[in-house]
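Engineer: mind looking at a prediction? Sequence and model below.
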Amino acid sequence: MGSYESTLAQREERIKKVLNLEEPDRVPFAPKIGNYYARGYDISIYDAMKDIRNIWPGVKGFLEDFSPDLAWAPVLYPADPPELMQSTYLKCPGPNSGLPLNASFQIHDKCYLMDEEYKEFLHDPTHFFLTKVYPRKFDGLKGLSKLRFNNPVEYSLYIELSNFADPEVQTALETLKRGGEAAARWLGGLGYISGEIAKLGFPLGAAGAQTCPFDMFGDNIRGFLNTINDVYDYPDELLAAVEYMTPICIQNAVNTAKANNLEYMFIPLHGGIDEFMSPDNYKKFYWPGLKALMMALIDIGVTPYVFCEGKYNRRLDIISDVPKGKVIYMFEEVDIAEAKRIVGQTACICGNLPNALLAYGKKERVIEETKKLLDICAPGGGFIMDCSIVLDEANKENMEAWVNTTRELGKY
């Protein structure tokens, strides 16, 4: 990018200023990158998921080609742990799944807590998770369903211990061991890539992620569609479940941020979109847990980087109730002028440039939409140029038009 190159200090200063709702020297360019690190640089998704270090040439190539103001670690699941544990919900590309080597991984929405099991879950959530959810999510862990972790009677301990002699239980424990070893290798590779990004002089975006309490319960236990329906079918039980998940979410996020010295925490919002929840239900079931999570991060000096997936036009006033200059909101599909007018008074905003346009549109349209975003969002600062969702596919000519337009016309 030649004259567009910046030092680490310049990039950090730009982000600091827009976070504080000020005008930097120019609008920061910081798209969140997913599979494009692989597909844009001739690396198969299969190879990247088998060993995350294989994607480093793509990450390095993107940084050299586009010189972003924030760099993002690759958003990829590891292939080996779910395959070793015989996942029933996550399919990875490759010979074991039948998916093409360059296909995206697939996460299937499934229910691991049946209607009649709400009471059992709320009575002892941890035991339910270990003996019901894990065995249902992984065929290799079915033996865990035979264990009991909730009987404190001393004599009973020796009776319960006999279950560990069961071959299916022993298989589950051995499977956990192998899955853990594979996960540690993946995590080490991810740490290597993050270190290499820093060596090249790029500040790291959100290197940690945490879903909010509602989504944590819906994504991982009850199932997304069931959880949305429970707003009407089982409101009391759902509210109790979300309240239980809230301190768990907070503890996970805070511990991760502290352990890794993170500046940002990525929070993808799945269930709170306009189509699935009224503003009143959003305030009741979704926002309290999300805000509690955000405030806990802000309290330790970490910036929540919140991705508002789907349409978010009907809750802009709600999500504006945050401390000024402490949050970044990324939008997929929103009236960006309204988002700037309402949310932009208290939080930095980004996103909303359609990924489909970058992948399949004409260069002229990319330039036109980029100019439109700059005209609406750049005045006064508090804006980062970003795409609508994590980027998997893009035409390189369109990418070059996007970054060049941003830097030529995004100067203050």
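Structural biologist: Cool, got the structure. Numbers count the residues shown, from 1 in each chain.

Engineer: now residue 115: how far from residue 400?
Structural biologist: Distance of residue 115 to residue 400, computed by CB to CB, to the nearest Å: 52 Å. (Each C-beta comes from the backbone N, C-alpha and C, glycine too.)

Engineer: got phi/psi on the closest residue to residue 128 other than its chain neighbours?
Structural biologist: For residue 128, the nearest residue in space outside its immediate sequence neighbours is residue 121; the separation is 4.6 Å by CB to CB, 6 or more residues apart in numbering. Torsion angles at residue 121 (phi, psi; degrees, to the nearest 10) stand at phi -60, psi -50.

Engineer: equivalent analysis for residue 351, please.
Structural biologist: Per-residue torsions, residue 351: phi 90, psi -160 (degrees, to the nearest 10).

Engineer: just checking, what packs against the strand or helix carrying residue 309?
Structural biologist: Applying DSSP states H and E as the criterion places residue 309 in strand 303-311. Counting contacts by 3 or more CB pairs under 8 Å, 6 or more residues apart in numbering; DSSP states H and E, strand 303-311 is packed against strand 264-269, helix 287-299, strand 328-333.

Engineer: how much space between the spatially most central residue of the chain and residue 292?
Structural biologist: Nearest residue to the geometric centre of the chain (CA atoms, centre = their mean): residue 268, 4.6 Å. Between residue 268 and residue 292 the computed distance is 17 Å (CB to CB).

Engineer: just confirm residue 342 is within a strand.
Structural biologist: No - counting by DSSP: H, G, I helix; E, B strand; the rest coil, residue 342 falls outside a strand, being helix.

Engineer: burial check on it, number of neighbours?
Structural biologist: Counted with other CB atoms under 10 Å, residues neighbouring residue 342 total 17.

Engineer: from residue 389, how far out is it?
Structural biologist: From residue 342 to residue 389 the distance is 22 Å (CB to CB).

Engineer: by contact count, what packs against the helix or strand hosting residue 174?
Structural biologist: Assigned by DSSP H and E, residue 174 belongs to helix 167-199. If contacts are counted by 3+ CB pairs under 8 Å, 6+ apart, helix 167-199 sits against helix 56-66, helix 80-84.

Engineer: the residue lying farthest from the centre of the chain: what secondary structure?
Structural biologist: Outermost residue of the chain with respect to the C-alpha centroid, by CA atoms, centre = their mean, is residue 155; its distance is 44.8 Å. With three-state DSSP as the basis, residue 155 sits in helix.

Engineer: which residues sit against stretch 336-345?
Structural biologist: With CB atoms under 8 Å, 6 or more residues apart in numbering as the test, stretch 336-345 has contacts from 21, 312-313, 316-317, 319-320, 324, 329, 331, 349, 352, 373, 376-377, 380, 382-383.
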